[in-house]
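Q: Kindly return the folded structure for what I paste below:
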Amino acid sequence: MSSSKLAVTELDSDSKKKFSLIRVVIYAFLVLISVTYIAPLLWLFNVSFKTKRELMTSPFALPEHISFDNFAFAWKAGRLGTATLNSFIVCAVALVLSMIIGSMAAFGIVRMRWKGAKLAMTYFLTGMMIPVHCVLIPLFTRFAHLHLSDTLTGLIIPYLTFSLPITIFIMTGFFKSIPNELIECACIEGANIFQIFYRICLPLGKTGLCVTGLMTFIGNWNELLVAMVFISDEAKKTLPVALSKFVGPHGTNYPQMFAAIIIALLPTIIVYCAFSNQIVDGLTAGAVKG
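A: Take a look at the predicted model:
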């Protein structure tokens, strides 16, 4: 008996050692990935306080003195205040419309019985496979005839269009996971289809709204190609287009450009940190279908 107990104890100790070794390897890998992603941001933040001479002579050293001259120059010369306001208007309107239209479309596809539901879902998901580069020329010519080029409305429409497929795709997963008993009880109590959507399904799917809203906001905030093609007026340019002005044909002041990039990154970093828990919970809940 004692020998068998000793053997079991040795097996337990060996399994614990293997488990601890696996945990060490996993944590070491995660630390390596974290450093890989965070190190460039820290270096970017460090360089934004340097002068051009300091960057060329000691690119990885700390700045000799802390100065916000690069940030002040970037804010004034790049007109980042106006560009930030334009980006916020475009992203906010596209975000609100995509969440409203996308959630209603997802609810109609998943919870309403009609023959064209699967066809509609396929139609919307097809939009995820179409890159924006394929539709730039048709959109530009069409918007020129409709006098929508060089306007913020001309940016909101394509941003909304390309945000809807992913919004509908994620929200369908959340609406499918809602128990049918809740819908049946609401119907027995006399609730109509709009009350079921706004009072039951939408509150239960608020995590999905956070996920899709954050993805839509970050994607539209960082979008450059459509904004650069459709907008030529300096007063209507968005933040990514304003950042492109810091790259000159004969030379670039990298500390000033990096300071402008830091200003552009701050809103997305703040929003992501504020809703990071909702992203993890939302993607996990949306992946499970009851």
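
Q: SS state for the most centrally placed residue in the chain?
A: Centroid check for the chain by C-alpha atoms, centre = their mean gives M215 as the closest residue, at 2.8 Å. At M215, secondary structure determined by DSSP: H, G, I helix; E, B strand; the rest coil is helix.

Q: separation between I218 and F275?
A: 10 Å (C-beta to C-beta, to the nearest Å). Using the backbone N, CA and C atoms, a C-beta is placed for each residue, glycine as well.

Q: same deal with F197?
A: From F197 to F275 the distance is 23 Å (C-beta to C-beta).

Q: what's the answer for H65, then?
A: 36 Å.

Q: neighbour-wise, which of those two wins?
A: Ranked by neighbour count (other C-beta atoms under 10 Å), H65 and F275 place F275 first, with 17 against 9.

Q: residues contacting the residue nearest to S98 when sequence neighbours are not counted?
A: Closest residue to S98 apart from its sequence neighbours, by C-beta to C-beta, 6 or more residues apart in numbering: S163 at 4.1 Å. Contacts for S163 were tallied using C-beta atoms under 8 Å, 6 or more residues apart in numbering; they are 94-95, 98, 102, 216, 219-220.

Q: What is the three-state secondary structure of S163?
A: Assignment for S163 (three-state DSSP): helix.

Q: ranges for the helices of the stretch 101-250 of the chain?
A: 117-126, 136-145, 153-176, 180-188, 193-196, 202-204, 206-221, 225-230, 239-243 (DSSP state H, counting those that start in this stretch).

Q: so what's I109 up against?
A: So I109 contacts 117, 120-121, 124, 168, 172 (C-beta under 8 Å, 6+ apart).

Q: got it, and F45?
A: Taking C-beta under 8 Å, 6+ apart, one finds I262 in contact with F45.
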